[in-house]
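Peer 1: sequence and predicted model, in that order:
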Amino acid sequence: MKKDIILAGVGGQGILTIATVIGTAALMEGLQLKQAEVHGMSQRGGDVQSHLRLSSKPIASDLIPEGKADLVISVEPMESLRYVNMMNKETGWLITSMNPFINMSNYPSLEELLAEIWNLPRNVTIDAEKVAKELGSVKAANIVVLGAASPYLEIKFENLEKAIESIFAEKGNDVIQLNLKALRAGRELADKRG
Amino acid sequence: MQKLLLLGDEAIAQGAIDAGLSGVYAYPGTPSTEITEYIQASKEAKERNIRSNWSANEKTAMESAIGMSYAGKKALVCMKHVGLNVAADAFVNAAITGANGGLVVLSADDPSMHSSQNEQDSRFYGKFAMIPVLEPSNQQEAYDMTRYAFALSEKFGTPVLIRVTTRLAHSRAGVQRVEVLGQNDLHLPSNLKQFVLLPSIARKQYNQLLGKQARFEDDALTSGYNQLIEKDNHKLGIIACGLAYNYLIENFEDHQVPYPVLKVGQYPVPHDLVRKLYDQVEEILVLEDGYPLFEELLKGYLNNGKKIMGRLDGSIPMAGELNPNIVAHALGIPVNVGHQNPAVIQGRPPSLCDGCSHTDSFLALNEALSKFSSGRVFSDIGCYTLSALKPLESINSCVDMGASITMAIGAADAGLVPAVASIGDSTFTHSGMTGLLDAVNNNSPIVVTILDNSTTGMTGGQQSSALGKIDTICLGLGVHPDHIRVITPLRRNHEENVKVITEELNYQGVSVIIARRECIQTLGRRMKLKAMQKMESNN
């Protein structure tokens, strides 16, 4: 098993939480992993990405080679497109939220962005903020996206659930339940699509 | 023990704790900050009474660590690469004094300048000071090498430098711990003049350091951190330093490289190993993150030997960090191509947070300065450096920690009056205080705005050494009390703040304007914590 995943978004949108959930679940399955994060200056409202590599065999590079990512998981549509050069052209999937994060004056039109995304051979787009809002908090939008990406991860869904329970343990049961619901709702969206 | 999932930085921190560390000294700086933060948050470190408060700057950190080493205990000092410039005086001379308790210096380089103003290579400092340098290639080695560095330091009585880069510092992988060693007892050097670098003593000490060089190289041969991996295809030999080794093997099926590879993790690199590789191959490719330090050594000035490829001959770009694709290109291996990035994507540079106090400070400063010609604001290192970008476009310099005040002095001396300095609270106590003393002694017509958000913001909100002390520091340095003005940078105070700044711009001497309002990130975290504590006490 080998999964090379690019996680994309804007600083503060919670992509490292997605990485931690997948990483924790991967460890439960005895997989090896490397995860390159972005800290520091770029976190101030700039574009951020994380390279998450999972494998049953030893992993060499902390960075995914260009053109070899199996998945791009993004919480922002323009940010998802920033890394399509990293995707495997023949097999790679792009899973992204359709909700733009606009903190710049020259943000392109959403129609144009979605047209580019839908133009890719394998893509999933979801309105993660709407789903998260209905569940009680827009903050869980990142976990909705994770749910939508879960069919492509080759990681048992129950292990993702267990990972959420352990990661959010300190934040109390309400937060755990919210994120579990968000994960399941995202998964349902992906399943309906398929 | 179960494997821990650790950042490279955290692996170094855990490695130091497990090696019997007594104290860590550091000033925050990306990508090194998480080492000290990990020790500060570690329960084990607390139980073992490991000291871990932030220092005012890298030089004070380095000197405190030398003091702890003098007293016989193990000390770690951490900084980003440019911090080593600040600590350089103490660092280079620590090589001459030598170490008593284990003394390990960690410098985190930032090739590609993700969060820095240059991409200098700390290995040069190790070579300059003539001390052993360790360069881990993964998180496990980061853990193991930290432990080894302390042993090496005590074995040879020398400081040891560990060099990492951003990619390893901020990447996570599983790390296996080993048994925990005890801390050293207080014990002074047997020669109580060892640390007295009077010329007559320093000459002796320097000769001792020179005498150790051969043993440093012998150790690098036997430690296991430099390995010659023999292979049959002798068309090419590869020297891969630190992380570069991973990018190399990434390009081959099952990580099997067909050529002989010298994997380098400890400097000075043993001549025996290099000669053995050199003699059996036709050409050599050198892969190293940072500057072409080893490539240049191997090539020599006249390049009379075999063909050496690397950054210097263009096989690899001179600037920027390595990655698997760059290495593939250098090896002539075809690379995968992904989809083309659509033209519709726009850049999204970092920006000041919504509600940041710096925005209000610079809006007021911009207006007060609108009556003068542009190009008068000398700034410094911190979040506020982002005010160089649109929409504020307020500042005209950012060179090194503390340079705002001193550059304003020089510009005012040249006739640029008024000249303005803008500097953060933590940067002010790091390296701004001495510059302000110069300004006072010079009676320079400058306005120093100290942007006091009461934290070290850019690196994530660490405790600022300046907290609650700025006003009295300025008074103590001799700034006239009438010209130490405190403003609250809020939109509703805009007119009043412009008026205060304008008054001080018209004053022909040193003014300090302290713009004080807490960082909204740390404020947010504090409020959240308070609300949680309140909820808990109500339950």
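Peer 2: The structure has been received and is ready for your questions.

Peer 1: gap between the nearest residue to B:Tyr125 once chain neighbours are set aside and B:Glu58?
Peer 2: In this structure, B:Tyr125 finds its nearest non-sequential neighbour in B:Leu84, 5.5 Å apart by CB to CB, 6 or more residues apart in numbering or on different chains. All C-beta spots, glycine's among them, are computed from the backbone N, C-alpha and C. Relative to B:Glu58, B:Leu84 is positioned 7 Å away (CB to CB, to the nearest Å).

Peer 1: hmm, back to that, beyond the stretch of helix or strand the residue nearest to B:Tyr125 belongs to, next helix or strand please.
Peer 2: In the assignment (DSSP states H and E), B:Leu84 maps to helix B:81-97. Following the chain from helix B:81-97 toward its C-terminal end, the next helix or strand by DSSP H and E is strand B:103-109.

Peer 1: quick one: name whatever helix or strand follows that next one.
Peer 2: Going down the chain from strand B:103-109, the next helix or strand is helix B:123-129, by DSSP H and E.

Peer 1: give the buried residues for that following helix.
Peer 2: When neighbours are counted by 16 or more other CB atoms under 10 Å in any protein chain shown, the buried residues of helix B:123-129 are found to be B:Arg123, B:Tyr125, B:Gly126, B:Lys127, B:Ala129.

Peer 1: again, but for stretch B:310-326
Peer 2: B:Gly310, B:Arg311, B:Asp313, B:Ser315, B:Ile316, B:Glu321, B:Leu322, B:Asn323, B:Pro324, B:Asn325, B:Ile326.

Peer 1: all helices for the stretch 301-450 of chain B, in order.
Peer 2: According to DSSP state H, counting those that start in this stretch, the stretch 301-450 of chain B carries its helices in the segments B:324-331, B:357-369, B:403-413, B:425-427, B:433-442.

Peer 1: ignore what I typed, I meant the stretch 101-250 of chain B.
Peer 2: Assigned by DSSP H, counting those that start in this stretch, the helices in the stretch 101-250 of chain B fall at B:123-129, B:139-156, B:166-169, B:199-222, B:244-250.

Peer 1: tell me the spacing between B:Glu295 and B:Thr456.
Peer 2: Between B:Glu295 and B:Thr456 the distance, using CB to CB, works out to 36 Å.

Peer 1: and these two? which has more neighbours close in?
Peer 2: Here B:Glu295 and B:Thr456 are compared on neighbour count by other CB atoms under 10 Å in any protein chain shown; more neighbours surround B:Thr456, at 28 against 23.

Peer 1: let me see the contact set for the more buried one.
Peer 2: In this structure, B:Thr456 makes contact with B:Pro28, B:Trp54, B:Gly424, B:Ser426, B:Gln462, B:Gln463, B:Ser464, judged by CB atoms under 8 Å, 6 or more residues apart in numbering or on different chains.

Peer 1: now list the buried members of those.
Peer 2: B:Pro28, B:Trp54, B:Gly424, B:Ser426, B:Gln462, B:Ser464.

Peer 1: farthest pair within those residues?
Peer 2: For those, the farthest-apart pair by CB to CB is B:Trp54 and B:Gly424; their separation is 14.3 Å.

Peer 1: just flag the most distant two among the buried residues of stretch B:310-326.
Peer 2: B:Asp313 and B:Pro324 (20.4 Å).

Peer 1: how many residues are close by the nearest residue to B:Leu312 once chain neighbours are set aside?
Peer 2: Sequence neighbours aside, B:Pro292 is the residue nearest to B:Leu312 in space, at 5.2 Å (criterion: CB to CB, 6+ apart). The burial metric for B:Pro292, expressed as a neighbour count using other CB under 10 Å, is 19.

Peer 1: phi, psi for B:Pro292 please.
Peer 2: Dihedral angles phi and psi of B:Pro292 (degrees, to the nearest 10) take the values phi -80, psi 60.

Peer 1: could you pull up the contacting residues of it?
Peer 2: For B:Pro292, the contacting residues are B:Val286, B:Gly310, B:Arg311, B:Leu312, B:Met318, taking CB under 8 Å, 6+ apart as the criterion.

Peer 1: any idea how far it is from chain A?
Peer 2: Distance of B:Pro292 to chain A, given as CB to the nearest CB, to the nearest Å: 21 Å.

Peer 1: repeat that for B:Ala343.
Peer 2: If you go by CB to the nearest CB, the gap between B:Ala343 and chain A works out to 9 Å.

Peer 1: where does the residue of chain A found nearest chain B land in three-state SS?
Peer 2: Using CB to the nearest CB, the closest approach of chain A to chain B is made by A:Gly67 at 2.9 Å. Of the three states, A:Gly67 takes coil according to DSSP: H, G, I helix; E, B strand; the rest coil.

Peer 1: how many other residues sit next to it?
Peer 2: Using other CB under 10 Å, A:Gly67 has 18 other residues around it.

Peer 1: what does the one 10 residues further on give?
Peer 2: Counted with other CB under 10 Å, the burial measure for A:Pro77 works out to 22 neighbours.

Peer 1: can you check B:Asp185 too?
Peer 2: For B:Asp185, the number of neighbouring residues by other CB under 10 Å comes to 9.

Peer 1: state the phi and psi torsions of the spatially most central residue of chain A.
Peer 2: With distances taken as CA atoms, centre = their mean, A:Ile73 lies nearest the centre of chain A, 3.6 Å away. Listed backbone geometry of A:Ile73 is phi -110, psi 120, with angles given as degrees, to the nearest 10.

Peer 1: what are the bridge partners for it, then?
Peer 2: Note on A:Ile73: beta-bridge partners A:Leu7, A:Ile95, judged by DSSP bridges.

Peer 1: residue contacts, it?
Peer 2: A:Ile5, A:Ile6, A:Leu7, A:Ala8, A:Ile18, A:Ile95, A:Thr96, A:Val145, A:Leu146, A:Ala149 are the contacts of A:Ile73 under CB under 8 Å, 6+ apart.

Peer 1: what does A:Glu188 give?
Peer 2: With contacts taken as CB under 8 Å, 6+ apart, A:Glu188 has the following neighbours: A:Gly147.

Peer 1: separation between it and B:Val510?
Peer 2: Shown here: A:Glu188 relative to B:Val510, a distance of 66 Å by CB to CB.

Peer 1: quick check: the gap between the one residue in the stretch 51-200 of chain B that gets nearest to chain A and A:Ala148.
Peer 2: The shortest separation between the stretch 51-200 of chain B and chain A is 3.6 Å, found at B:Ser115 (distances taken as CB to the nearest CB). As judged by CB to CB, B:Ser115 and A:Ala148 stand 32 Å apart.

Peer 1: please apply the same query to B:Val257.
Peer 2: B:Val257 is 39 Å from A:Ala148, where distance means CB to CB.

Peer 1: who's more crowded, the two?
Peer 2: A:Ala148 (27 against 18).

Peer 1: any stretches of the stretch 401-539 of chain B with poor pLDDT?
Peer 2: When the per-residue scores of the stretch 401-539 of chain B are filtered using pLDDT under 70, the ranges that remain are B:539.

Peer 1: can you pull the phi/psi pair for the residue of the stretch 401-539 of chain B found nearest chain A?
Peer 2: Nearest residue of the stretch 401-539 of chain B to chain A, counting by CB to the nearest CB: B:Met458, 6.4 Å away. When quoted as degrees, to the nearest 10, the phi and psi of B:Met458 stand at phi -60, psi -30.
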